[in-house]
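**Q** Structure of the sequence below:
(one chain, ligands or ions: 1)
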Amino acid sequence: MIHIENKELFEKKLLQIKKGGANSFHVIADFDRTLTEPGEKGEKGSSSYDPINKGITSEEFKKKEKEMFDYYYPIEISNTISQKEKDKAMEEWWDKYFSLAIKCGLDKKQMDKIIFESQMLWRKDIKEFFKILEESNIPLLIFSAGVGNMIDGQLRKNNFLTNNVHIVSNFFEFDKEGKGASHTKPCIHTFNKNESHIKSQDYKNEVLKRKNVILLGDSVGDLTMADGMEHDTVIKIGFLNHKDEKKEEIYNKSFDVVIKNEGMENINKLLKKILY
Ligand SMILES: [Mg+2]
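**A** Predicted coordinates:
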């Protein structure tokens, strides 16, 4: 099901993007539960962290990872804690998580094994989504507070990592011997996802020319993904993954388009309308 709160505004934006043409257009997408399936309600679902959390067998990791989750997750979803405090807590959480995984022995070999053995559940009709963007040479920025190595690996496994695809996320970095050494900084967490994190100058130059954007996300933190760069027209599309009336009201007001219980079908249709 699809909900468009302000149809007039949506049509206006769509027309502007279509007029701008393929050369003025790029797509920004969240990864976990946007390009992948959301999983059951109440579960954390199939996120890029899950295979890693399962794959690291150290007892210390399991214990501390759970402790961190129990401490920081309530802060992440709290309605009473200030945004400033939340930002600080998220930075701590992400930093501690990546450091803990390395401390507990995550190395390149194990990471490759985890990627090889895991299979993310993609949202239905995802293949066509990647195909449309590749064929029209539209840059796709995958913006994730998840684990970049996992996203990169999963895209490669499915031949989705074509030249037009760029990942901004958190990467484990390994030394020459393949030992875990560090992680990319600053951490991309739930509340600081925006285009100012793009490090590749080539990619930055590419999207600087492309001022019209379609943004895909599944949480309100994804709404800012196009911030940090100047844009003309942005259509924000939100996947509402689970039935939640309060959330639905917020999504209807914050996203131009809200998609419920669907694959990529309507996104693909929209892309074709713009590009073909
Ligand atoms: Mg997500």
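**Q** Which secondary structure state is assigned to residue 181?
**A** What DSSP: H, G, I helix; E, B strand; the rest coil gives for residue 181 is strand.
**Q** Spatially nearest residue to it (excluding sequence neighbours)?
**A** Nearest residue to residue 181 in three dimensions, chain neighbours excluded: residue 175, at 4.4 Å (Cβ to Cβ, 6 or more residues apart in numbering). Placement of C-beta: from N, CA and C, glycine included.
**Q** Do you have the helices of this protein handy? List them.
**A** Secondary structure of the chain (DSSP state H): helices at 7-20, 50-55, 59-77, 83-103, 108-117, 126-135, 148-157, 201-208, 245-254, 265-275.
**Q** How about residues contacting the longest one?
**A** Put plainly, it is helix 83-103. For helix 83-103, contacts defined as Cβ atoms under 8 Å, 6 or more residues apart in numbering pick out 52, 56, 61, 64-65, 68, 72, 75-76, 78, 81, 145, 170, 172, 180-183, 186-192.
**Q** Swap in 7 Å and give it another go.
**A** Applying Cβ atoms under 7 Å, 6 or more residues apart in numbering, the external contacts of helix 83-103 come out as 52, 56, 61, 64-65, 68, 72, 75-76, 170, 172, 180, 183, 187, 189-192.
**Q** now do the third one
**A** Helix 59-77 has contacts (Cβ under 7 Å, 6+ apart) with 53, 81, 86, 89-90, 93, 96-97, 100-101, 104, 190.
**Q** and the closest residue to residue 224 other than its chain neighbours, how many neighbours?
**A** Closest residue to residue 224 apart from its sequence neighbours, by Cβ to Cβ, 6+ apart: residue 194 at 5.0 Å. The tally of other residues near residue 194 (other Cβ atoms under 10 Å) stands at 18.
**Q** so residue 194 makes contact with residue 222?
**A** No. At 10.2 Å, residue 194 and residue 222 do not qualify as touching, with contact defined as Cβ atoms under 7 Å.
**Q** rewinding a little: would you mind listing the residues in contact with the residue nearest to residue 224?
**A** Residue 194 neighbours (Cβ under 7 Å, 6+ apart): 224-225, 227-228.
**Q** Need the pLDDT of the spatially most central residue of the chain.
**A** Compute the mean C-alpha point of the chain, and by Cα atoms, centre = their mean the closest residue is residue 30, 2.2 Å away. Looking at residue 30, its pLDDT reads 97.
**Q** is it in a bridge, and if so with what?
**A** Beta-bridge partners recorded for residue 30 (DSSP bridges): residue 143.
**Q** That one and residue 116: what is the separation?
**A** Counting by Cβ to Cβ, to the nearest Å, the gap from residue 30 to residue 116 is 24 Å.
**Q** likewise residue 274?
**A** From residue 274 across to residue 116, the span is 36 Å (Cβ to Cβ).
**Q** Neighbours of residue 222, how many?
**A** Using other Cβ under 10 Å: residue 222 sits among 27 other residues.
**Q** Tell me who's in contact with it.
**A** 30, 193.
**Q** rerun at 10 Å
**A** Shown in contact with residue 222 (Cβ atoms under 10 Å, 6 or more residues apart in numbering): 28-30, 33-34, 143-145, 190, 193, 215-216, 236-239, 254-255.
**Q** do residue 261 as well
**A** With the criterion set at Cβ under 10 Å, 6+ apart, residue 261 makes contact with 1, 38, 239-243.
**Q** ok, those residues vs residue 203, which is closest?
**A** Nearest to residue 203 among the contacts of residue 261 is residue 239, at 24.9 Å by Cβ to Cβ.
**Q** show me what contacts that closest one?
**A** Counting by Cβ under 10 Å, 6+ apart, residue 239 has contacts 30, 33-35, 38, 123, 216-219, 222, 251, 255, 257-264, 267.
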